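Colleague: Need a 3D model of the sequence below.
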Amino acid sequence: MRIRLYVESALSVIAVAVLTATVVTPDWIERVFGWSPDGGDGVTERALVLALSVTAVFLTRRALATAELWARSKRDPQRPTASAGAAR
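Modeller: Numbering: from 1, shown residues only. Now for the predicted structure:
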């Protein structure tokens, strides 16, 4: 469960970093990769901002839920976790 927490947290941080780069420097795709997937009109960047916003929120919520589940299982090891209930 600890690995899952670390992966979800890392992916959330990466999504927020790329989201921030896209908001601060909207043409970073052209600058980094040297090609313009949308012909310079910014549609790709706006779609990327939307997708990364949703991804960051989703991954952050999953990481927080995993952290809560992990903390609960450490406090009360006899209590079944969500993964134990799903293994039926």
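
Colleague: how near is the nearest residue to D27 once chain neighbours are set aside to A67?
Modeller: Closest residue to D27 apart from its sequence neighbours, by CB to CB, 6 or more residues apart in numbering: E45 at 7.2 Å. For every residue, glycine as well, the C-beta is placed using N, CA and C. Distance of E45 to A67, computed by CB to CB, to the nearest Å: 32 Å.

Colleague: Relative to V18, how far out is the residue nearest to S36 when sequence neighbours are not counted?
Modeller: The shortest distance from S36 to any non-neighbouring residue, by CB to CB, 6+ apart, is to E30 (5.0 Å). Using CB to CB, E30 is found at 15 Å from V18.

Colleague: just to revisit the earlier point, comparing E45 and A67, which residue is more hemmed in?
Modeller: In terms of neighbours (other CB atoms under 10 Å), E45 is the more surrounded of E45 and A67; the figures are 19 against 16.

Colleague: Work out for me the element that one sits within.
Modeller: E45 belongs to helix 43-75 when assigned by DSSP states H and E.

Colleague: Give me the average confidence score over that helix.
Modeller: For helix 43-75, the mean pLDDT works out to 84.

Colleague: who does that helix touch, helix- and strand-wise?
Modeller: In terms of contacts (3 or more CB pairs under 8 Å, 6 or more residues apart in numbering; DSSP states H and E), helix 43-75 is packed against helix 2-24, helix 28-33.
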